[in-house]
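> Fold the following and give me the result.
(one chain, ligands or ions: 1)
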Amino acid sequence: MCGIVCYVGEKEAKAIVLEGLKRLEYRGYDSAGIAVQNGSEIVCLRAVGKISELERKIGERVIKGNSAIAHTRWATHGEPTERNAHPHTDESENVFVIHNGIIENFFAIKKNLEKRGIVFKSETDTEVLAHLIALNFEDSLGEAVRKTMSQVEGTFGIAVIHRHVPGEIVVARRGSPLIIGIGEDGHFAASDVSAMVRYTNKVVHLNDNELAVLTAKGFSISTAQAKTVTRETETVEWQPEDVELGGFPHFMLKEIYEQPETILNAMRGRLEPGEGVPKLGGIMPVWDHLKECRHIEIVACGTSYHAGCVGRYVFERLTEIDVQVEIASEFRYRKLNFPSNTYIIAISQSGETADTLAAIREARRKGARLLGIVNVVGSSISRETDAGVYNHAGPEIGVASTKIFVSQLTILTLLALLLGRHQKLSLTEGVEAIKSLSELPEKVKKTLSQDNHIQAVAEKYYPCSNWLFLGRKYQYPIALEGALKLKEISYIHAEGYAAGEMKHGPIALINPEMPTVAIVPQDSMYEKMISNIQEIKSRRGPVIAIATEGDDRVRQLADEVIEVPPTLEYLYPILTVVPCQLLAYHCARFLSRDIDKPRNLAKSVTVE
Ligand code: M6R
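Model (predicted):
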């Protein structure tokens with residue numbers, strides 16, 4: 001989705017914001033632009049395609065100036081063309097604005113402005129902002145932006161400069177994230193911390209309906225109603241090297257290999273081995289109520305939704321709680337009526353997914369209590385939930401979510417274990433769970449050591465254009481996740497199915513050209529999965545089995561076997577997903593896909 005980065009300070013701004021834009025590339029975009037201010041001179045350049053295209057356009061041109069705004073656009077209103085790329089400006093080219101989000105009443109505003117004789121240069125909703133701010137400007141850019149905020153509906157994170165107000169950037173938000181960065185020699189604002197982590201780890205989050213005026217020397221925050229806001233500075237844990245490849249060819253592969261560490265980070269300081277109970281400080285403020293909880297609704301999208309689907313089985317195994325999982329975008333269409341002991345758990349890597357945010361806001365309106373499992377500290381979902389647990393997984397740059405999935409599964413298990421120990425689990429069961437959780441990082445490492453074998457399997461099957469992924473119970477969501485990973489980065493068509501459903505339709509597709517990935521660890525579903533594999537084999541379908549190490553029965557049946565070490569049934573998903581990720585990665589690599597930035601996808605989906 002769109003990205004914003006700005007800088008005002010003592011240094012040359014162009015290089016800083018271009019570097020920041022590159023850190024936002026992973027979010028997905030189709031055009032980019034920059035406006036650099038030097039006194040009353042503003043140079044604005046825009047280009048379709050990658051940031052390298054923008055750099056090519058800038059070429060050898062010397063663009064001086066200590067303040068700049070820069071943007072990556074992911075088209076919503078109007079095609080990805082240069083004239084639709086941001087920054088947008090007013091007729092006299094005094095105001096330059098970049099915008100994330102959607103102005104919902106743009107059509108009505110545009111009609112009114114056209115009646116006043118204003119000629120629009122783009123098809124975007126954003127352009128109305130530039131004209132409105134210019135019309136509202138008297139002598140204060142902050143006030144012009146404030147007035148404009150009261151005239152527009154929808155969502156926005158914006159950054160604005162004005163030819164007659166050099167050395168000042170005004171940023172504002174409603175619904176789209178914006179974070180202020182405090183550097184040694186100036187101030188930043190960005191839609192994502194990764195854009196500025198190289199320069200500072202001191203940040204201040206802007207809330208909805210707030211604006212901030214940034215200068216080289218300081219910043220001030222106020223509400224849309226002009227009330228001054230004082231807010232503490234936060235320190236982000238992310239390091240500059242977290243957003244570097246560190247010798248890996250792709251962020252996705254780096255993040256797959258980080259998973260042993262990711263699981264450790266999700267558990268760090270949270271395990272009490274002797275007592276068989278995890279400690280989750282983030283939920284303590286609501287513990288008295290949460291411990292009596294008997295009903296949970298999990299809302300999430302994409303991979304986070306699949307984590308929630310695994311979570312349902314884990315909660316039902318370890319607690320007395322009845323769990324529903326809902327795709328966030330569908331949640332609001334349901335007749336929502338929560339018993340008083342209900343908690344809504346929102347799962348989100350970015351903490352900014354618009355559908356998930358909308359779902360929790362709807363749940364809040366209906367009086368539900370909210371928990372978040374979120375990776376990005378200070379993100380909207382983390383702030384709009386009553387309590388929650390952070391992943392502490394560092395930034396995930398690859399658009400295809402990998403390490404966060406295993407982190408989400410780890411945290412869901414810790415949460416279920418904590419509640420389960422309060423509700424029904426014995427000390428022995430708790431101790432066994434914690435011991436098995438502690439062994440997972442080594443077991444993931446062991447699974448990763450089969451990477452060469454998995455690559456060879458991918459090399460054999462990547463030309464097949466249709467794949468099926470099958471699993472039962474805990475492994476059904478892994479089948480969904482395996483299929484999602486394969487399709488989103490390799491563009492191979494893949495379906496994830498509950499294995500029991502195969503005979504109700506998908507079996508018609510089975511033929512020698514269609515591989516099935518059968519996820520068949522030695523768990524309570526083992527015999528039934530074996531029958532499914534036999535059904536596929538008798539129709540001459542190739543089977544790639546993900547099985548427990550040393551399983552000779554599977555080895556005799558399947559064409560390929562990828563092994564995972566044994567663990568408890570409810571922890572197997574943390575292991576079986578790893579071969580699925582690597583299979584998808586290698587297929588995409590054989591097909592020369594743009595693995596970290598697959599077409600049409602965005603890392604953080606901030607529009608509904
Ligand atoms: O940031 P979130 O976890 O809320 O994102 C949810 C989905 O957009 C995300 O998982 C998406 O499906 C990924 N592309 C999956 O790899």
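> Please see if the host helix or strand of Cys580 touches the ligand.
Assigned by DSSP states H and E, Cys580 belongs to helix 572-590. No - judged by Cβ under 6 Å from any ligand atom, helix 572-590 stays clear of the ligand, getting no closer than 9.6 Å. C-betas here are computed from N, CA, C, even on glycine.
> which helices and strands does that helix pack with?
If you count contacts as 3 or more Cβ pairs under 8 Å, 6 or more residues apart in numbering; DSSP states H and E, helix 572-590 packs onto helix 251-257, helix 403-423, helix 427-448, helix 451-461, helix 476-490, strand 516-520, strand 543-548, strand 560-564.
> at 6 Å what do you get?
helix 251-257, helix 403-423, helix 427-448, helix 451-461, helix 476-490, strand 560-564 (3 or more Cβ pairs under 6 Å, 6 or more residues apart in numbering; DSSP states H and E).
> Over the first one, what's the mean pLDDT, rounded is fine.
What helix 251-257 shows for mean pLDDT is 95.
> ok, now stretch 76-92?
Here the average pLDDT along stretch 76-92 is 89.
> and what of stretch 271-283?
88.
> got the contact list for it?
Here stretch 271-283 makes contact (Cβ atoms under 6 Å, 6 or more residues apart in numbering) with Arg270, Ala387, Gly388, Val389, Leu414, Leu417, Leu418, Arg421, Leu427, Gly430, Val431, Ile434.
> And Met525, how far from the ligand?
25 Å (Cβ to the nearest ligand atom, to the nearest Å).
> What is the burial count for that residue?
The number of residues packed around Met525, counting by other Cβ atoms under 10 Å, is 21.
> how about Trp467, secondary structure?
Secondary structure, DSSP: H, G, I helix; E, B strand; the rest coil: Trp467 is strand.
> go on, Asn600?
Asn600 - assigned by three-state DSSP - is coil.
> where does the stretch 1-150 of the chain come near the ligand, residue by residue?
Checking the stretch 1-150 of the chain against the ligand by Cβ under 6 Å from any ligand atom, there are no hits.
> for the stretch 1-150 of the chain, what spans make up the helices?
Remark: helices assigned in the stretch 1-150 of the chain by DSSP state H, counting those that start in this stretch are 13-23, 51-58, 106-115, 127-136, 141-151.
> Report the buried residues of stretch 220-240.
For stretch 220-240, the neighbour count (16 or more other Cβ atoms under 10 Å) marks Ile221, Ser222, Ala224, Val236 as buried.
> Sorry, slip of the keys, the one I care about is stretch 503-516.
Of all the residues in stretch 503-516, those buried under the rule 16+ other Cβ under 10 Å are Pro506, Ile507, Ile510, Met514, Pro515, Thr516.
> residues touching whichever residue of the chain sits closest to the ligand, list them.
Here the residue of the chain nearest the ligand is Gly302; by Cβ to the nearest ligand atom that distance is 1.9 Å. Applying Cβ under 6 Å, 6+ apart to Gly302 gives no contacts.
> try it again with 7 Å
Gly302 sits next to Ser401, Leu484 when contact means Cβ atoms under 7 Å, 6 or more residues apart in numbering.
> thinking again about what came up before, and the helix holding Cys580 with strand 543-548, angle?
Using axes from the mean of the first three to the mean of the last three Cα atoms, to 10 degrees, the direction of helix 572-590 lies 140 degrees away from that of strand 543-548.
> Next to the ligand, which bits of the protein? Give me the list.
Contact residues (Cβ under 6 Å from any ligand atom) of the chain with the ligand: 301-304, 348-350, 353, 356, 399-401, 488, 601, 604-605.
> Flag the shaky bits of this protein, pLDDT-wise.
1, 27-28, 607-608 (pLDDT under 70).
> So which residue is dead centre in it?
By Cα atoms, centre = their mean, the mean C-alpha position of the chain lies nearest to Ser350, the distance being 3.8 Å.
> Could you find the closest non-adjacent residue to that one?
Counting by Cβ to Cβ, 6 or more residues apart in numbering, Ser604 is the residue found nearest to Ser350 once chain neighbours are left out, at 4.0 Å.
> Would you confirm that that neighbour contacts Glu352?
Yes - between Ser604 and Glu352 there is a contact under Cβ atoms under 7 Å: 5.1 Å.
> Show me how far stretch 144-158 is from its chain's centre.
25 Å (Cα atoms, centre = their mean, to the nearest Å).
> And that stretch, what's buried?
Buried residues in stretch 144-158 (16+ other Cβ under 10 Å): Ala144, Val145, Arg146, Lys147, Thr148, Met149, Gln151, Val152, Thr155, Phe156, Gly157, Ile158.
> Need these in JSON lines (columns: distance to Ser122).
As requested, the buried residues of stretch 144-158 are exported to JSON lines (distance: Cβ to Cβ, whole Å):
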{"residue": "Ala144", "distance to Ser122": "20"}
{"residue": "Val145", "distance to Ser122": "20"}
{"residue": "Arg146", "distance to Ser122": "24"}
{"residue": "Lys147", "distance to Ser122": "22"}
{"residue": "Thr148", "distance to Ser122": "17"}
{"residue": "Met149", "distance to Ser122": "21"}
{"residue": "Gln151", "distance to Ser122": "19"}
{"residue": "Val152", "distance to Ser122": "16"}
{"residue": "Thr155", "distance to Ser122": "19"}
{"residue": "Phe156", "distance to Ser122": "16"}
{"residue": "Gly157", "distance to Ser122": "19"}
{"residue": "Ile158", "distance to Ser122": "15"}
